[in-house]
Structures are given as structure tokens and as C-alpha cells.
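Chemist: Got a predicted structure here, sequence first:
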Amino acid sequence: MTRGRSLRERLAGLVQRGALLAALGLLLHLIFYAGCVVVEPGVAAPASELVRVAGGAPQGGGRGSLLYTTVSAGRAGLVGALRALADPGVELRPLRGEVPPGLGWEEYTELLRESMRESRAVAVLVALRHLGYRVSPGEEPPVDVEPAGDEIGGESAALVVALEVYRQLTGAEVAGGLVVAGTGALLPDGRVEAVGGVRQKVLAAERAGADVFLVPRANAAEAVT
């Protein structure tokens, strides 16, 4: 009987400790993790998925292609936080540093999609001007350039989109047949601006087999760490 009671007591103690740990995990989630975002490598995919020029060169794929890169971000949970501790390519960032004040997560996501649409228009403008076309912001392009998707957000694909428009219009081979991935925001005058998530984008490019990664000068140090 003594042994039986001792076993039951040990089992009850284990259950109590398990419940305590679960409650502690939930408390930590509510206090800390719920106010964070998990950022990790996204995809590195052909830039032709984002823009197409009517009558332009065929879509890039395989050797000699241009790849845009993304990060994957989502509200943090306990599992995501543990992954951030174990994987150097995964970061845990405060939500308030990623999402503008007053916006919910869905509103922020839509804001990023709108930013993508605007940055793509800037990329087309820059590419056409580089090719000698006279075009101003807000004008209809003199060539038929169509968006090919709105599935990503942000402005960081603009540099690669501009290069893809140039490639499709000229039929030029990309960097001697290399697979070139990259990231970078663009201003209408062609200047390249810094972007976020460079470390995660480099990892996405490596996983996709890219030979070269284009990055804004301001992000160069982050790209090699």
C-alpha cells in the first residue's frame, strides 16, 4: 500500500509540474511572444513571376535567370520563438518595430501589398528610362508592361523587377548565364535604397542555388555576416 501511494503521489506530482510548465509557457506567450514577429527566409523565385513585357524575351528560368527574394514573417508563438533561439536564420522581432502604430496585422499585410504595386511601377519607370524611353511617374508606359502577381509585399523586389523588365525588353543574357538573386528598393531616379531582412534573403537565395546576390550598398555588411 505504501508503494502504491508513493507511485500515485509521484504521478500526481508529475502532472502538477506539467500543468505548471504549460501555464508558464502560456504566460510567457501572452506576455512576450504575442508582441513579437518571427522573421525567417522566404522564397527566391523568378522575377518573371512579378512582371511581364508583351512581346518580350521568354520568362527566365534555370541558368541566366533573375530571382527576387523574400522573407516570411508571422506573429510569434512559443514554437517560433524556440526556433529563433536554435536557428541563426530565424529572428524574433518586436511587433511594434515591424507594424506601424494603429495598424492590425491584416491591415499591415495589405499595406505591404500596396507598397509592392507602387514599387513595381517605379521599377518599370527606371528600366524604361535606362533604355532611353521618356516616361514620367504616373504616365502609362510606352510599352505594354503588365504585373504578373501581387502575392508578395513590400518594396524590396524593385531592383530585381527593373532588371527583369530590362532583360525581357532587350533579350540580354543575365550575367553570363549565372543565376542572380537580389533585393533592393528603388527611387524614380534609379538610386537603390536599403531594405530589411537581408540575412534571411541571402539564405533563401543560397537554398535556391543562386550564384550571385545583388544587395544595396548600405546592406553589404549585413549580407556577408
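Modeler: All right, it came through fine.
Chemist: Please give the element, helix or strand, for Ser115.
Modeler: helix 105-130 (DSSP states H and E).
Chemist: other SSEs contacting that helix?
Modeler: Contact here means 3 or more CB pairs under 8 Å, 6 or more residues apart in numbering; DSSP states H and E; on that basis helix 105-130 packs against strand 51-53, strand 145-147, helix 158-170, strand 185-186. For glycine as for every other residue, the C-beta is placed from the backbone atoms N, C-alpha and C.
Chemist: which residues sit against the first one?
Modeler: The list of residues contacting strand 51-53 from outside it, by CB atoms under 8 Å, 6 or more residues apart in numbering, reads 59, 120, 123-124, 143-148, 161, 164-165, 168-169.
Chemist: again, only this time at 10 Å
Modeler: By CB atoms under 10 Å, 6 or more residues apart in numbering, the surrounding residues in contact with strand 51-53 are 59, 68, 120, 123-124, 127-128, 141, 143-149, 157, 160-162, 164-169.
Chemist: Select the helix or strand of the protein having the lowest average pLDDT value.
Modeler: helix 2-31 (a mean of 62; mean pLDDT, DSSP states H and E).
Chemist: What are the buried residues along the helix holding Ser115?
Modeler: 108, 115-116, 119-129 (16 or more other CB atoms under 10 Å).
Chemist: same question for it, mean pLDDT?
Modeler: Helix 105-130 comes out with an average pLDDT of 90.
Chemist: can you check stretch 199-217 too?
Modeler: Stretch 199-217 shows a mean pLDDT of 94.
Chemist: ditto for stretch 92-100
Modeler: For stretch 92-100, mean pLDDT rounds to 77.
Chemist: Need the residues that contact it.
Modeler: Stretch 92-100 has contacts (CB under 10 Å, 6+ apart) with 32-39, 73, 75-76, 80-85, 105, 107-109, 111, 196-197.
Chemist: Following the chain past the least confident helix or strand of the chain, name the next helix or strand.
Modeler: Next in sequence after helix 2-31, counting helices and strands by DSSP H and E, comes strand 36-46.
Chemist: Counting by contacts, list what that following strand packs against.
Modeler: Other elements packing on strand 36-46 under the criterion 3 or more CB pairs under 10 Å, 6 or more residues apart in numbering; DSSP states H and E are strand 66-75, helix 78-86, strand 91-94, helix 95-98, strand 180-182, helix 198-207.
Chemist: my guess is Ala223 meets Phe213, correct?
Modeler: Yes. Under the criterion of CB atoms under 10 Å, Ala223 makes contact with Phe213 at 6.5 Å.
Chemist: Between these two, which is the more surrounded one?
Modeler: Ranked by neighbour count (other CB atoms under 10 Å), Ala223 and Phe213 place Phe213 first, with 20 against 16.
Chemist: was I right about the more buried one contacting Gly182?
Modeler: Yes. If you go by CB under 10 Å, Phe213 and Gly182 touch, sitting 6.1 Å apart.
Chemist: Format the helices and strands packed on strand 36-46 as JSON lines; extra columns: mean neighbour count and distance to Arg217.
Modeler: As requested, the helices and strands packed on strand 36-46 are arranged in JSON lines below (neighbours: other CB atoms under 10 Å; distance: least, CB to CB, whole Å):
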{"stretch": "strand 66-75", "mean neighbour count": "22", "distance to Arg217": "17"}
{"stretch": "helix 78-86", "mean neighbour count": "14", "distance to Arg217": "28"}
{"stretch": "strand 91-94", "mean neighbour count": "16", "distance to Arg217": "22"}
{"stretch": "helix 95-98", "mean neighbour count": "12", "distance to Arg217": "23"}
{"stretch": "strand 180-182", "mean neighbour count": "24", "distance to Arg217": "13"}
{"stretch": "helix 198-207", "mean neighbour count": "22", "distance to Arg217": "12"}
